[in-house]
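A.B. asks: next come a sequence and a model predicted from it.
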Number of protein chains: 2
Amino acid sequence: MKPLQVERGDTLANVLRRHIADDILSGKCEPGTRLDERSLANEYGVSRTPVREALQQLAAAGLVSSKPHSGTIVQGVEIERVASLCEASILLESLCAKLAASRISAVEIGRLRKIHEQCETLHKSGDAEGYALANRKFHSAIISGTQNTDLIDAVEFCRLRIAPFQRAPFQSADRRAESQKEHKRIIEALEARDAAKAEQMMSEHLSAAAVAIDDHLQNFFS
Amino acid sequence: MKPLQVERGDTLANVLRRHIADDILSGKCEPGTRLDERSLANEYGVSRTPVREALQQLAAAGLVSSKPHSGTIVQGVEIERVASLCEASILLESLCAKLAASRISAVEIGRLRKIHEQCETLHKSGDAEGYALANRKFHSAIISGTQNTDLIDAVEFCRLRIAPFQRAPFQSADRRAESQKEHKRIIEALEARDAAKAEQMMSEHLSAAAVAIDDHLQNFFS
DNA sequence: TAGAATTATTTGGTACACAATATTTAGAAA
DNA sequence: TTTCTAAATATTGTGTACCAAATAATTCTA
């Protein structure tokens, strides 16, 4: 039974949501896993009520899918769906990179550089999980650079869904090294305020990532 | 007490969510209105549980905002936020139009034309509410034309938030007439499979809509 | 073996109680 | 009067128990 702590101004349901979301994003809960309310309630030592609410929030975010009376499962790996997710992500994030080129602040670029350095350290130390996490931060930082909360929300909404599939490719040090080079080019384009180049670089980066994800899935299903 | 009917394979919470969402989108619940659970439960003759779940879903969609222990209110009219919403919507839907130009099926174009005709009828009969609804369908049809469910979800996620503010401008017959012309040009671009033009036309159309929305809000606050 | 009927299990919903917190109201002090 | 503090209030958040409804699993029959 895992102990939970709720800060003031927060709710148990929210804590649960984040906890379960972490388990999904970090791969502890594999896609396809059934999440039944009673088990989770027992596991965390709470009643069904907050568990239900947490699951509904996750369903709204698209991390799990639930059908009335037949429970909720972690969003599954349907290979053509991943392709669709990758395409959406490429389109949306390229758009963000283009926009961010003219809007991201100097402070934010500084933060971006710092994240990039952290990525480098994690890559060299072989911490694939850590790298995946830092990579997410890197992309979020660029999306935030658009300075438009509603655009940010929409794009993050899409990114959240693809997150569970983005970890796997980073197990490969080669892919991490490639990714680092691509990140560097993106930062340079942003610093140069070159919108077209930032868009182009982001598109190429995510296309490469998409290929890596697809590769991994193909291996998985053979 | 409003009677509710739940279809098989659906839940009361979902029915409630749609009902409340309609009330918000149609302007029956004005922005800023407090939605307390007990009142809603009494109003619909149900218990608090499904009401809570419906409200949480609406919060996830961004139609209402809720803070722990202090209830949920219909998302308010902050004028700079509307501008941000409009910009996000312009960017995302233009992207969709560009993509849809090469992907939308002939059947879908047919459906689009039909919706366009309905819009024409509603416009001429002076039914502003009906026009606003049909207008939403028109835009959704184009977004769906991208054939990418994840992109569709992300864009609709943004569109849902702006919906409450898009009704007002259509009170003006002039704006409806302009809108119709713009819609026509968009359809023609899509039929010609001219991606650049479809993108351009959609961007201009939504920019004009954004100006109309802003105009209306300025009048409202003076 | 395939299909139909039955059972089991899980979710969806109701009702009620109580705890926790934000908000408001009233009161005390400056 | 004003402002800060403290109690009162209302609403949300969570727990418990129970039942209904629907799906999933199982058994039985043809």
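C.D. replies: Done, it's in. Residues are numbered from 1 along each chain as shown, chains lettered A, B, ... in the order given.
A.B. asks: ok, the closest residue to chain B within chain A to DNA strand D distance?
C.D. replies: The shortest separation between chain A and chain B is 3.5 Å, found at A:Ala60 (distances taken as C-beta to the nearest C-beta). For the C-beta atoms, the positions are set from N, CA and C on the backbone; glycine is no exception. Using C-beta to the nearest atom of the strand, to the nearest Å, one obtains 15 Å as the distance from A:Ala60 to DNA strand D.
A.B. asks: isn't that residue right up against B:Ala60?
C.D. replies: Yes. With contacts defined as C-beta atoms under 8 Å, A:Ala60 counts as touching B:Ala60 at a distance of 3.5 Å.
A.B. asks: now name the helix or strand holding the spatially most central residue of chain A.
C.D. replies: Among the residues of chain A, the one closest to the centroid is A:Ala163, at 3.3 Å (C-alpha atoms, centre = their mean). Element membership of A:Ala163 [criterion: DSSP states H and E] is helix A:149-166.
A.B. asks: are that helix and chain B in contact anywhere?
C.D. replies: Yes. Helix A:149-166 lies within reach of chain B by C-beta under 8 Å from any C-beta of the partner chain, at A:Thr149, A:Asp150, A:Leu151, A:Asp153, A:Ala154, A:Val155, A:Phe157, A:Cys158, A:Arg161.
A.B. asks: what's the pLDDT at A:Phe221?
C.D. replies: What the model reports as pLDDT for A:Phe221 is 61.
A.B. asks: same question for A:Arg113.
C.D. replies: Predicted confidence (pLDDT) at A:Arg113: the value is 98.
A.B. asks: double-check that it belongs to a helix.
C.D. replies: Yes. Looking at A:Arg113 with DSSP: H, G, I helix; E, B strand; the rest coil, it is inside a helix.
A.B. asks: hang on, it packs against A:Ile187?
C.D. replies: Yes. The pair A:Arg113 and A:Ile187 qualifies as a contact (C-beta under 8 Å) at a distance of 6.5 Å.
A.B. asks: of these two, which one has the most company?
C.D. replies: For A:Arg113 versus A:Ile187, the count of surrounding residues by other C-beta atoms under 10 Å in any protein chain shown is larger for A:Ile187: 19 against 14.
A.B. asks: tell me who's in contact with the more buried one.
C.D. replies: For A:Ile187, the set of contacting residues under the criterion of C-beta atoms under 8 Å, 6 or more residues apart in numbering or on different chains consists of A:Ile109, A:Leu112, A:Arg113, A:His116.
A.B. asks: what about the strands in chain A?
C.D. replies: For chain A, applying DSSP state E gives strands covering A:34-35, A:64-66, A:72-74.
A.B. asks: export the ones you listed to a markdown table and append columns for distance to DNA strand D.
C.D. replies: Written out in a markdown table, the entries for these read as follows (distance: least, C-beta to the nearest atom of the strand, whole Å):
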| stretch | distance to DNA strand D |
| --- | --- |
| strand A:34-35 | 9 |
| strand A:64-66 | 11 |
| strand A:72-74 | 10 |
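A.B. asks: possible to save those as TSV with distance to A:Asn135 and mean pLDDT?
C.D. replies: TSV is the format used below for the strands of chain A (distance: least, C-beta to C-beta, whole Å; pLDDT from 0 to 100):
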stretch	distance to A:Asn135	mean pLDDT
strand A:34-35	26	95
strand A:64-66	23	94
strand A:72-74	21	94
